[in-house]
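**Student:** Could you look at this predicted model? Sequence included:
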Amino acid sequence: MTGWQEPGSGITLHHYTAQSPVLKEMAVLQTNAISLVIKGNKTMHFLEGTVNVHDSEIHFLSAGNCIASVSLSKPFESILIFFDNRVLSNFHLENGELIEKLKRTCEFSPESYVAFQKDGFINNYIQSLLLMLSAGEPSESMKQLKLKELLLYLLENHANRFLSFQSTGKTRNVEWRIRKVVEANKLNNLNLDELAFLCNMSTSTFKRYFKQIYNTSPTLWLNEQKMLLAYKLLSEQGEKPGEIWFQLGFETHTGFTRSFKKRFGRLPKELTLKS
């Protein structure tokens, strides 16, 4: 088996092969998984039923699935893509307009296990993964790009089945709500109480969940988003400091200048002059 996971990565790739029958008893998926079967068959005995996996399909399983046992035929080969809820949330946010449009025309119900029939695109996609893995360790950017490629293809061509796949549980719903609110308001001058109110939770609860999702405090994260955009506006688009501080949600020009110098070690006007 070969596989890599960079520090902080939400995506893991495994090229899995088995030359003899395998039986694994009682397991709980800690993250979402896509099984791209290359050859062989697999039987998974979920607590709620049995699924026979064939190499004519690919399979999505959500985090939290309880698997009573897994038996593999001989020989067996697959590529496994593991990804956390943060990756799935990012995809939904980035493609929100398309997803909302498709939801108006599709009928679907949440499922923790979804299968898709292979086609020419998916077969070529699997071959591209095999070539990539054989060349060495893929970068984090490449792993994200390849996963998004598959997700977007399935969304555009198999919307009903794709939209049926959802991570289950209260935590995912809370995460979605928080990410939706903060992404939409990251450049607005809203305080933590206001953001928590939009998420329909107390400020202390909001801060606790935010820390779990983003691995930092809301204040630090929001300020970092503003600083990154400020740097881009000044260095790439030739904006003036006096024109962007209010746009970025700062109460004063002085406060913006102080935050920028602390983050980048130079004054905003110095960056403007250099560009």
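**Tutor:** That came in fine, so what should we check first?
**Student:** Could you list every helix and strand in contact with the strand or helix carrying residue 219?
**Tutor:** Using DSSP states H and E, residue 219 falls within helix 218-235. For helix 218-235, the packing partners by 3 or more C-beta pairs under 8 Å, 6 or more residues apart in numbering; DSSP states H and E come out as helix 170-185, helix 192-198, helix 203-214, helix 241-244, helix 253-264, helix 268-274. For glycine as for every other residue, the C-beta is placed from the backbone atoms N, C-alpha and C.
**Student:** among those helices, which is nearest residue 149?
**Tutor:** Closest to residue 149 of these, according to C-beta to C-beta: helix 170-185, at 22.0 Å.
**Student:** In JSON lines, list the helices and strands packed on helix 218-235 along with distance to residue 10.
**Tutor:** Below are the helices and strands packed on helix 218-235 laid out as JSON lines (distance: least, C-beta to C-beta, whole Å):
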{"stretch": "helix 170-185", "distance to residue 10": "12"}
{"stretch": "helix 192-198", "distance to residue 10": "23"}
{"stretch": "helix 203-214", "distance to residue 10": "11"}
{"stretch": "helix 241-244", "distance to residue 10": "31"}
{"stretch": "helix 253-264", "distance to residue 10": "25"}
{"stretch": "helix 268-274", "distance to residue 10": "32"}
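**Student:** Once you drop chain neighbours, what's closest to the spatially most central residue of the chain?
**Tutor:** For the chain, the residue nearest the mean C-alpha position is residue 87 (0.8 Å; C-alpha atoms, centre = their mean). Among residues not flanking residue 87 along the chain, residue 10 sits closest, at 4.3 Å (C-beta to C-beta, 6 or more residues apart in numbering).
**Student:** coming back round to it: ranking the helices and strands packed on helix 218-235 by mean pLDDT, which is last?
**Tutor:** Ranked by mean pLDDT, those bottom out at helix 268-274, which scores a mean of 72.
**Student:** picking up where we left off before, pull out the buried residues from the helix holding residue 219.
**Tutor:** The neighbour-count check on helix 218-235 (16 or more other C-beta atoms under 10 Å) flags 218, 221-223, 226-227, 230, 233-234 as buried.
**Student:** again, but for stretch 257-267
**Tutor:** Going by neighbour count (16+ other C-beta under 10 Å), the buried part of stretch 257-267 is 257, 259-260, 264.
**Student:** Same question for stretch 98-109.
**Tutor:** Neighbour counts over stretch 98-109 (16+ other C-beta under 10 Å) mark 99, 102, 108 as buried.
**Student:** pull the CA atoms of the helix or strand hosting the residue nearest to the centre of the chain into CSV?
**Tutor:** Assigned by DSSP H and E, residue 87 falls within helix 85-94. In CSV, the C-alpha atoms belonging to helix 85-94 read as follows (Å, rounded to 0.1, in the frame of the first residue of the first chain):
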residue,chain,number,x,y,z
ASN,A,85,-15.8,17.4,6.2
ARG,A,86,-13.8,20.6,5.8
VAL,A,87,-12.8,19.6,2.3
LEU,A,88,-16.5,18.7,1.5
SER,A,89,-17.7,22.0,2.9
ASN,A,90,-15.1,24.0,0.9
PHE,A,91,-16.3,22.3,-2.3
HIS,A,92,-20.0,23.1,-1.5
LEU,A,93,-19.1,26.7,-0.7
GLU,A,94,-17.0,27.2,-3.9
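**Student:** Please identify which of the buried residues of stretch 98-109 is nearest to residue 118.
**Tutor:** For the buried residues of stretch 98-109, the closest approach to residue 118 (C-beta to C-beta) belongs to residue 108, at 20.8 Å.
**Student:** Give me the distance between that closest one and residue 176.
**Tutor:** In this view, residue 108 and residue 176 are 17 Å apart by C-beta to C-beta, to the nearest Å.
**Student:** now residue 223
**Tutor:** Noted for residue 223: a distance of 23 Å to residue 176, by C-beta to C-beta.
**Student:** what do you get for residue 189?
**Tutor:** Applying C-beta to C-beta to residue 189 and residue 176 gives a distance of 24 Å.
**Student:** can you check residue 232 too?
**Tutor:** Distance from residue 232 to residue 176, by C-beta to C-beta: 27 Å.
**Student:** Specify the residue ranges that define each domain of the chain.
**Tutor:** Residue ranges for the domains of the chain, per automatic domain parsing: 2-164, 170-274.
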